[in-house]
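> structure for this input, please:
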Amino acid sequence: MIRAILLSLVLCTPTAALAGEWAGIPLADLPELGVESPSLSEISDGWRAPLAAGGMVVVDLLPDADAAQAMFASRAQTRTTRAASPLLLGDEAVGDGETYALVRYENVLISVQTDAGASAVAERLRGALVVTSPPGVHAQRDSDAGTLRWDAVGRRVD
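Numbers count the residues shown, from 1 in each chain. Below you'll find the model as predicted:
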């Protein structure tokens, strides 16, 4: 009986959750997280936005944890003089936790710059991560290359 219940839970779990990968943060939830209107990237999946309390957050949505780990390592190297001590957040993190935090959660990077409480902002955003994007197109923009569309977490859709 217990084995059947566990098997049904595994079969009903989204594939992304089993792989440990996140879809992102629903953009509709940003105001309640203290994040203002995001600027969606035309060249990569993710977004950047000002924080309501001052500062900036950048969320990068990578295809998998390996890609996120490589980007984390690259960004962490450029920040060593400003953020030398590791934080106890996520899979990997650097920053002083107060004014800067760069955190990797599986395939997502969250970078926070603020006057105070950077690690608290990163944790709040981490708590909002979802494994599947809500349905629909969040934004659409015409460009020279055609019409660009983004889903509800800031990923480019074709």
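> look up how far residue 117 lies from the closest residue to residue 27 other than its chain neighbours.
Nearest non-adjacent residue to residue 27, counting by Cβ to Cβ, 6 or more residues apart in numbering: residue 138, 5.4 Å away. Just so you know, the C-beta spots here come from the backbone N, C-alpha and C atoms, and that holds for glycine as well. Going from residue 138 to residue 117 by Cβ to Cβ, to the nearest Å gives 27 Å.
> then residue 62?
Counting by Cβ to Cβ - residue 62 and residue 117 are separated by 25 Å.
> those two: which has the busier surroundings?
Applying other Cβ atoms under 10 Å to residue 62 and residue 117 shows that residue 62 carries more neighbours, namely 22 against 19.
> I'd assumed residue 107 was in contact with the more buried one.
Yes: the criterion here is Cβ atoms under 8 Å, and residue 62 meets it with residue 107 at 4.7 Å.
> list residues touching both of these two?
Taking Cβ atoms under 8 Å, 6 or more residues apart in numbering as the criterion, residue 62 and residue 107 both touch residue 68.
> how about the contacts made by residue 41?
Residues in contact with residue 41, defined by Cβ under 8 Å, 6+ apart, are 47-48, 154, 156.
> and it, backbone torsions?
Residue 41 adopts backbone torsions of phi -80, psi 140, taken as degrees, to the nearest 10.
> mind checking the SS state of residue 70?
Classification of residue 70 using DSSP: H, G, I helix; E, B strand; the rest coil returns helix.
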